[in-house]
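Engineer: Any chance you can model this:
(chains A and B)
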2 protein chains.
Amino acid sequence: MRILDLIAKKRDGGEHTDEELRFLVEDYTRGDIPDYQMSAWLMAVVWRGLTGSETFALTGAMAGSGDTLDLSSLPGTPVDKHSTGGVGDKTTLAVVPILASAGVPVAKMSGRGLGHTGGTLDKLESVPGVRVNLTGAEVLAQVHQIGACLCAQTTRLVPADRKLYALRDATATVESLPLIAASIMSKKLACGAPAIVLDVKFGGGAFMKTVEDARALADLMTRIGRAHGRRVAAVLSAMDAPLGRAVGNALEVQEVIGLLQDPAEADGRLSALVRHLSAVAFLLSGRVGTLEEGAALADAQVASGAATQKWREIVEAQGGQPDRTLPTAPAQVSVSAAADGYITGIDAEAIGLAAMRLGAGRATQEDKIDPAAGIIFHKSVGDAVGVGETLATLYADTESRTRAVTQAVVAAFQFAAQPSPRQSPIYDTLGLDS
Amino acid sequence: MRILDLIAKKRDGGEHTDEELRFLVEDYTRGDIPDYQMSAWLMAVVWRGLTGSETFALTGAMAGSGDTLDLSSLPGTPVDKHSTGGVGDKTTLAVVPILASAGVPVAKMSGRGLGHTGGTLDKLESVPGVRVNLTGAEVLAQVHQIGACLCAQTTRLVPADRKLYALRDATATVESLPLIAASIMSKKLACGAPAIVLDVKFGGGAFMKTVEDARALADLMTRIGRAHGRRVAAVLSAMDAPLGRAVGNALEVQEVIGLLQDPAEADGRLSALVRHLSAVAFLLSGRVGTLEEGAALADAQVASGAATQKWREIVEAQGGQPDRTLPTAPAQVSVSAAADGYITGIDAEAIGLAAMRLGAGRATQEDKIDPAAGIIFHKSVGDAVGVGETLATLYADTESRTRAVTQAVVAAFQFAAQPSPRQSPIYDTLGLDS
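Structural biologist: Modelled structure (predicted):
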């Protein structure tokens, strides 16, 4: 088999065999196929696409390119969760303790944030002492002991994806539905959970701008998982406005702790999405028989304090101190409304970029993060606002940093004379009818 | 300007500016753009194509990527010639002396053969002592002195093309009309001739399989040349059967020497194409006013012996000995007809591959060539053949080598009970009406 022939085959619109895709992935990962040939193949894929069966085989080959986690020794049905990323999306930090506290094991490996979206690892690391780099053996041991972990993907998992993603990023071949789906699902397959809940976000603050694109990605990822024998469900959720009241690492952890302790006081859209994702996970794992039972179980785990207790156990198991104060920002500056009216929207991407400039995110992979930086919203979409009322507070290491984004944050708010209806962030759920 | 943005622009079907293409070519040639980004751009070009204006700018940037020849000090209008390559195509070796003997200067730089097509340099090197690696200064001096040279492209000319071609060859991005045209024409532009005759071949033994593809390439190359202020004409010629009676390096040189000495005895299709290419070149250079005058001038240069004399001068100027015997093959084996009939075709590609296996060509760029190896045809398309009559003689270093291709050579002949009409190899000529 020659890579040159495979490039030509895809260039001409042909369909690869499973064996060809395994050859491509294995030889590329080993370094036997050079980057300049792989990037030509990737551009041919952006052009010609991949069939379902090609996508399933590519994902499988990528998943098998390194170590894989074997979760079969865990009790019950372990569940994994993945979000395609958004602004203020801290659902993983809440859902994992809820699931684990009810006996559903979760070996959750997360990524870091880049650009306007945050990453679960960065958020978790704002908790003093928490260690996120666990070995495969440590992951298994911790999940056996307390039912969950929240950690970084080990470098030995799915090396093909790491190498391919870096190449796609440098060759304008990121934007291909099958390549995006294969990248995400290869990691989920390698992490070994038999049940997977996907949170596919759409809107201005998400990677997928339209609900149609999000549905297509969700559908393809669901089919990939099933082709590899996994139970998969996908929630389509709106990322038009930031999720919850906090954007920024320690600020979001604080919001999660508050949500688990007193959900009635939490942001309604955030708690609705946390409850729904938990319910879908409970249903997929077989822990409950209906979505309603799943939602009730999630509520119960929170109300009893079991979820909070599980959060503390996870933090402690990973070396953190749950009772230590989270980092706080020396500069805190409020921004206020210039007129009366109703908030009809908050531009999530603009807020994500503002938070990044405050120090909460990375413009490049080398940037350092300020765990205390970010934004707290005092008003949400649908709220009435009077002139001079505080809309948000900006947190950073210096006042000049906050001042640099004040205008952008104010401009992210859209106002109208009449309120628009408050909308649920949950648009649809795929994969529960099978 | 960022290469990543240019890849994305072409991927999305955008049109590059002249400046963007200059940036691409210059930075890639300098090594500032890595192969893996350029190959993604190349595949996007195979997909989206290039507009005329993009193709003109790309070709110009490539032509300017290294040294260029300045022929302005030569008398008259220098002419260049290029053939897209075929089996038995030795026209350059005849046309250059014909033109130079009539006072039209030709600084001809040629390539080597690969696969089933031969290369002019390999043919010329079968003449004992001939040196083909001349410097730019040597080229100019020789053309000033005797009106012509036949040499290799110096490595300092069009480095962008050498680098791009090697990358295209390794990434299945060769087959793109604008990239093919830009590659050929960048070399012609850099070689400095104000008038250029292109021989674009089509058929089984050529790179372009159909006359439509050949016409599209010829048309695009003609427009590129004109956009850069050159006079360009393109002959579309058939490469369904090998051109002339000889295939193989010394055998083809011998055929050219015979053609120049006694054209009446030469293969009719070969002499017709040599006369036509010469006539077109004479017309483009302004040496004659009509194609008919050009053909008559070509005939006169051959009949007077001036063309033969010029051939000897070129060989001597480059260190060769025109009176020394050309290399001859120790093994010579004839193949005969198995039945009576008329030859209706000779598969040029099959013959080219058989000649390569005899030692006359290269399967890979590292292969050594046997200058004496090849095939002589004793019968042509249209001839009647009786059973047992000799069709061809195979030349190689051992008999076992000839035996290995006997079957393939016999199978390349197509027979019928009735003769098919003999056809001119000249299908059309573009660019003379302007």
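
Engineer: going forward, measure contacts and count neighbours with C-alpha atoms only.
Structural biologist: Noted.

Engineer: count of residues packed around residue A:359?
Structural biologist: In terms of burial, residue A:359 registers 25 neighbours under the definition other Cα atoms under 10 Å in any protein chain shown.

Engineer: so what's the backbone phi/psi at it?
Structural biologist: Listed backbone geometry of residue A:359 is phi 120, psi 0, with angles given as degrees, to the nearest 10.

Engineer: quick one: pLDDT of it?
Structural biologist: According to the per-residue confidence, residue A:359 scores 95 in pLDDT.

Engineer: residue contacts, it?
Structural biologist: Contacts of residue A:359 were listed using Cα atoms under 8 Å, 6 or more residues apart in numbering or on different chains, and they are A:369-371, A:373-374, A:396.

Engineer: Nearest to residue B:407 among the residues you listed?
Structural biologist: residue A:369 (73.0 Å; Cα to Cα).

Engineer: ok so, going back, near chain B too, which of the contacts of residue A:359?
Structural biologist: Among the contacts of residue A:359, proximity to chain B is found for none (Cα under 8 Å from any Cα of the partner chain).

Engineer: Buried among those? Need that as a selection in ChimeraX.
Structural biologist: One line in ChimeraX is enough to select the buried members of the contacts of residue A:359, burial here meaning 16 or more other Cα atoms under 10 Å in any protein chain shown:
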select /A:369,370,371,373,374,396
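
Engineer: Save the contacts of residue A:359 as CSV, and put in pLDDT too.
Structural biologist: What follows is the contacts of residue A:359, written out as CSV (pLDDT from 0 to 100):
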residue, pLDDT
A:369, 93
A:370, 95
A:371, 96
A:373, 97
A:374, 97
A:396, 97
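
Engineer: Include secondary structure and distance to residue A:59 when you put the contacts of residue A:359 into JSON lines, please.
Structural biologist: Listed next are these as JSON lines, based on DSSP: H, G, I helix; E, B strand; the rest coil; distance: Cα to Cα, whole Å:
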{"residue": "A:369", "secondary structure": "coil", "distance to residue A:59": "32"}
{"residue": "A:370", "secondary structure": "coil", "distance to residue A:59": "35"}
{"residue": "A:371", "secondary structure": "coil", "distance to residue A:59": "34"}
{"residue": "A:373", "secondary structure": "coil", "distance to residue A:59": "37"}
{"residue": "A:374", "secondary structure": "strand", "distance to residue A:59": "36"}
{"residue": "A:396", "secondary structure": "strand", "distance to residue A:59": "41"}
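
Engineer: ok, of the contacts of residue A:359, which one's closest to residue B:178?
Structural biologist: Of all the contacts of residue A:359, residue A:369 has the smallest distance to residue B:178: 47.3 Å, by Cα to Cα.

Engineer: got the contact list for the closest one?
Structural biologist: By Cα under 8 Å, 6+ apart, the contact list for residue A:369 reads A:122, A:359-362.

Engineer: change it to 6 Å
Structural biologist: For residue A:369, the contacting residues are A:359-361, by Cα atoms under 6 Å, 6 or more residues apart in numbering or on different chains.

Engineer: Just give the nearest non-adjacent residue to the spatially most central residue of chain A, would you?
Structural biologist: Note on chain A: the residue nearest the mean C-alpha position is residue A:83, at 3.0 Å, using Cα atoms, centre = their mean. Counting by Cα to Cα, 6 or more residues apart in numbering or on different chains, residue A:199 is the residue found nearest to residue A:83 once chain neighbours are left out, at 4.5 Å.

Engineer: Could you list which residues are in contact with the one you found?
Structural biologist: A:82-83, A:234-235.

Engineer: Need those in JSON lines (columns: secondary structure, distance to residue B:112 and pLDDT).
Structural biologist: As requested, those are arranged in JSON lines below (DSSP: H, G, I helix; E, B strand; the rest coil; distance: Cα to Cα, whole Å; pLDDT from 0 to 100):
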{"residue": "A:82", "secondary structure": "strand", "distance to residue B:112": "56", "pLDDT": "96"}
{"residue": "A:83", "secondary structure": "strand", "distance to residue B:112": "56", "pLDDT": "95"}
{"residue": "A:234", "secondary structure": "strand", "distance to residue B:112": "59", "pLDDT": "98"}
{"residue": "A:235", "secondary structure": "strand", "distance to residue B:112": "61", "pLDDT": "98"}
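
Engineer: Work out for me the element the closest residue to chain B within the stretch 1-150 of chain A sits within.
Structural biologist: The nearest approach of the stretch 1-150 of chain A to chain B comes at residue A:36, 3.6 Å away (Cα to the nearest Cα). With secondary structure defined by DSSP states H and E, residue A:36 is part of helix A:35-48.

Engineer: quick one: that helix to helix B:35-48, angle?
Structural biologist: Here helix A:35-48 points in a direction 30 degrees away from that of helix B:35-48 (axes from the mean of the first three to the mean of the last three Cα atoms, to 10 degrees).

Engineer: Distance from the chain centre to the helix or strand following helix A:35-48, please.
Structural biologist: On the C-terminal side of helix A:35-48, the closest following helix or strand by DSSP H and E is helix A:52-63. With Cα atoms, centre = their mean, to the nearest Å as the basis, the distance from the averaged C-alpha position of helix A:52-63 to the chain average is 22 Å.
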